[in-house]
Structures are given as structure tokens and as C-alpha cells.
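Trainee: sharing a model prediction with you, sequence too.
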Amino acid sequence: MGNFRIFLLVGGAAALVNVVARILLGAFLSFEVAVVIAFLVAMTFAFLMNRHFVFTASDISPASQFMRFALVNAVALVQVWLISVGLARYLFPAVGFQWHAETIAHLAGVASPVVTSYFLHKNFSFPTSS
């Protein structure tokens with residue numbers, strides 16, 4: 001369970017990187033495009049931190065780890081994008097929610113794949129033989 005706690009801390013840091021990058025990119029890009037680019041920045045940060053602090057005993061090469069990590073995150077990106085954009089563009093306006101709507105929608109999207117991502121990364125991105 002200790003690795004899951006560290007995974008959550010790394011994920012929290014990556015989520016912060018994600019949201020800050022999206023806010024900075026939002027000054028120049030649409031919300032939808034900024035969400036995708038920020039996700040890629042945060043994914044690279046998360047890979048490096050997870051490889052160093054969480055899944056340190058993997059039996060496969062770093063290049064293979066990154067490719068697998070990216071594949072798992074490509075699936076997560078679809079989920080993050082659908083939830084973030086769905087909340088910000090459709091649900092929140094429909095219910096009249098305006099207070100930091102894009103940031104809250106983005107945070108909800110970023111948080112959505114936490115548990116499934118942990119198990120996919122543990123068993124697919126950073127597998128061990130033991």
C-alpha cells in the first residue's frame with residue numbers, strides 16, 4: 001500500500017503541473033487544446049517521478065516503460081478530456097456554475113483515472129517478474 005500512497009503524491013504533483021501548464025497555455029491556446037498539451041507535459045513529469053519513486057524495480061527498459069506509460073496515459077487522456085470539456089462546456093453552463101468552472105472541470109478530469117492508472121502502470125508500464 002505504500003507504493004500507492006507515493007503514487008498518489010506523485011499524481012498530485014503531476015496534477016498540479018497539469019493544471020498550471022493548462023492555465024499558462026490557456027493564455028495562448030483554446031481550453032481544449034491547452035488540456036491536451038498540459039496533459040502531455042504532466043505525463044512526462046509523472047513518468048519520471050513514478051519511475052524514480054514508485055515503480056523502481058521494473059524488468060523492462062526505460063524506453064519500453066515510457067512507451068507503455070504513454071499508452072496507458074493515452075487512454076486516460078480521452079477520459080480526462082471528455083470529463084474536463086464535458087463539465088466546462090456542457091454541464092456547468094447548464095446548471096449555471098461559473099466560479100472557476102474551467103479549473104474545477106479540469107481538476108475533476110485529471111483526478112478521474114487515478115485508481116485504474118495505478119494498476120495499469122504497476123502491471124503493464126512497470127512490470128516486475130516477482
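Mentor: Yep, that arrived.

Trainee: please enumerate the helices of the protein.
Mentor: Taking DSSP state H, the helices of the chain run over residues 2-26, 31-53, 62-85, 92-95, 101-111, 114-120.

Trainee: got a markdown table for these, with mean neighbour count and distance to P127 too?
Mentor: All C-beta atoms are positioned from the backbone trio N, CA, C, and that covers glycine. Converted to a markdown table, the helices of the chain look like this (neighbours: other CB atoms under 10 Å; distance: least, CB to CB, whole Å):
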| stretch | mean neighbour count | distance to P127 |
| --- | --- | --- |
| helix 2-26 | 17 | 14 |
| helix 31-53 | 18 | 13 |
| helix 62-85 | 17 | 8 |
| helix 92-95 | 11 | 39 |
| helix 101-111 | 20 | 25 |
| helix 114-120 | 15 | 11 |
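
Trainee: S129: which of those helices is closest?
Mentor: helix 62-85 (14.3 Å; CB to CB).

Trainee: residues contacting the closest one, please?
Mentor: The contact list for helix 62-85 (CB atoms under 8 Å, 6 or more residues apart in numbering) reads 31-32, 35-36, 39, 43, 46-47, 50-51, 55, 58, 60, 105-106, 108-110, 112-113, 116-117, 120-121, 124-126.

Trainee: circling back to that earlier point, now the helices of the chain as TSV including mean pLDDT?
Mentor: Below are the helices of the chain laid out as TSV (pLDDT from 0 to 100):
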stretch	mean pLDDT
helix 2-26	91
helix 31-53	93
helix 62-85	92
helix 92-95	98
helix 101-111	90
helix 114-120	89
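
Trainee: who's the closest spatial neighbour of V33, skipping the chain neighbours?
Mentor: L25 (7.7 Å; CB to CB, 6 or more residues apart in numbering).

Trainee: please apply the same query to S117.
Mentor: Leaving aside its sequence neighbours, S117 sits nearest to A76 (CB to CB, 6+ apart; 5.7 Å).

Trainee: just give the number of residues close to F55.
Mentor: For F55, the neighbour count with other CB atoms under 10 Å is 21.
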